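Student: Sequence plus the predicted model coming up.
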Amino acid sequence: MTRVLIVEDENAIAESLLFALRRDGFAVTHAKTLAAAETLLPETDLVVLDLMLPDGSGFDLLAKLRTLGQRTPVIILTSRDEEADRVAGLEGGADDYVLKPFSPREVVARIRAVLRRTSPAWAAIPTAVPSSSSGRTVRSSLVIDNDTRRALYQGKLVDLTRTEFELLRVLQGAPERVFTRQQLLDRIFGESYAVTDRTVDAHVKALRRKLSQAGAPADLVETERGVGYRLREISPEKENLPR
């Protein structure tokens, strides 16, 4: 689980970010001062850093990180809108710059983008499910045809809605990876849509029912309690496939 440190002394801002990041599957810690932040840096994968703090400037923490040769990604969060401050932050080694006021979901999206640029593990995660040259993605007896937008299980058509098809496509793009509900919402609907986590639950329930009717194992789409969903890798024996 990726560990994000929020360095922000305004409680309302910090709480909104903590909620959004935890909902998206991140492990998050919070520091209100530079001194508190320094103690948490060794266990941090990315820092969201306010510039105006009670015991100094966020630039000081950024400079200390880069002087020590630490490449922990840093996203500067500030109400300053002067171009000089933005340039100073980026030239000082920041990876991105977000101005207040902001949408917490925008910050989450920027965090994911920075991690994809800086972390090999995140770079391996596709932002969209790739299609093969034939327009098909295959997982043992489950076939998704991106050109015709059809899904088949052991050759039997699974009659899916557009949303159910997109949900299955995302899950199949990274078998065994747990996607949070928010990640699935963002990939299926986009970040501008006002939909809730319950929307994902309803579509997963319908998708499971239709896959089961086609002969798929009942636990093909598995719930990771308190986190989200994954598409399981099932052995040929459990899928009742010919060997």
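Tutor: Yep, it's here.
Student: quick one: secondary structure of Gln70?
Tutor: With DSSP: H, G, I helix; E, B strand; the rest coil as the basis, Gln70 sits in coil.
Student: got the contact list for the spatially closest residue to it that is not a sequence neighbour?
Tutor: Using C-beta to C-beta, 6 or more residues apart in numbering and skipping residues adjacent in sequence, the residue nearest Gln70 is Leu41, 7.6 Å away. Any C-beta I mention is one placed from the backbone N, CA and C, and that applies to glycine too. By C-beta atoms under 8 Å, 6 or more residues apart in numbering, the contact set of Leu41 is Leu5, Val47, Leu65, Gln70, Thr72.
Student: so when I look at the third one, I'm seeing a strand, right?
Tutor: Yep, that's Leu65 we're talking about. No: Leu65 sits outside any strand when classified using three-state DSSP, being helix.
Student: Give me the neighbour count for the closest residue to it other than its chain neighbours.
Tutor: In space, and not counting its chain neighbours, Leu65 is closest to Thr72: 6.0 Å by C-beta to C-beta, 6+ apart. Neighbours of Thr72 under the rule other C-beta atoms under 10 Å: 18.
Student: what's the spacing between Thr72 and Pro42?
Tutor: 10 Å (C-beta to C-beta, to the nearest Å).
Student: Now the buried members of the contacts of Leu41.
Tutor: Leu5, Val47, Leu65, Thr72 (16 or more other C-beta atoms under 10 Å).
Student: Doesn't the second one lie inside a strand?
Tutor: Yes: under the criterion used here (three-state DSSP), Val47 sits inside a strand.
Student: I'd say it and Arg71 touch.
Tutor: No: contact criterion C-beta atoms under 8 Å: Val47 and Arg71 do not qualify, at 11.4 Å.
Student: so who does the residue most central in space within the chain touch?
Tutor: Taking C-alpha atoms, centre = their mean, the centroid of the chain lies closest to Gln183, which sits 5.1 Å from it. When the contact criterion is C-beta under 8 Å, 6+ apart, the partners of Gln183 are Asp24, Gly25, Gly228.
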